[in-house]
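>>> the following block contains a protein sequence and its predicted model.
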Amino acid sequence: MAPKIGFRHSEETKARISASLKGRTYGFGQGDRHSMQTRAKMSAAHRGISLSDEHRARIAEGKRRHSALDLPDCGCAFHRYQRKRRASQLSQRMADVFLAEFPEVELEKVFGRYRVDAYLPPPYHLAFEADGSYWHSLPGRQEFDAERDVYLLEHFNLPVVRLTEEEICGG
């Protein structure tokens, strides 16, 4: 018989479920970096306990450090998404028009927790960003871009050259 929508478990059933789930990795392997953090969060949420702000901060810092690593074989959601991401039409056109002279240009290169549209490796060591008129006119986007550019300059000594959609498309 299928359970009814809105059905609630009794306290005894909740206790049995909690006991049976204790120690599970929730889809992550034993060797995965996230398994301990994920287990802590899921276990606490399942038992109705809220995590302390300090614990949340430690988890967030661990995630930031992990996302800054270049791990091509990592199975976490962040790195899977990074592998699937493709260059936008605008950044592809920027590479075709402005960077055609440079065969070594790399599209969608990751630096720490950010990705640049195009990167020219040394001796140039420059990042290029194609700023589309729609996305870069949204509220808060200019502050985000400025923060990102400062991060790339401070941590990777990487200057960012920004080109607007009008400059790229000639419109």
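That came through, no problem.

>>> just the residues contacting stretch 142-154, thanks.
For stretch 142-154, the external contacting residues (CB atoms under 8 Å, 6 or more residues apart in numbering) are 111-114, 116, 127, 129, 131, 136, 158-160, 162. Where C-beta positions appear, they are placed from N, C-alpha and C, glycine not excepted.

>>> mind running it again at 10 Å?
Outside stretch 142-154, the residues that touch it by CB atoms under 10 Å, 6 or more residues apart in numbering are 111-116, 127, 129, 131, 136, 138, 158-160, 162.

>>> need phi/psi at the nearest residue to Thr164 once chain neighbours are set aside.
Distances taken as CB to CB, 6 or more residues apart in numbering put Asp131 closest to Thr164, at 5.2 Å, once the chain neighbours are dropped. Asp131 has phi and psi values of phi -90, psi 100 when expressed as degrees, to the nearest 10.

>>> quick one, what contacts Asp131?
For Asp131, the contact set (CB under 10 Å, 6+ apart) comprises 90-91, 94, 117, 137, 141-142, 145, 162-168.

>>> tell me how far it lies from Glu166.
Using CB to CB, to the nearest Å, Asp131 is found at 10 Å from Glu166.

>>> this protein: strands as residue ranges?
Taking DSSP state E, the strands of the chain run over residues 106-111, 114-120, 126-131, 160-164.

>>> which one of those has the lowest average pLDDT?
Note on those: lowest mean pLDDT is at strand 106-111, with a mean of 88.
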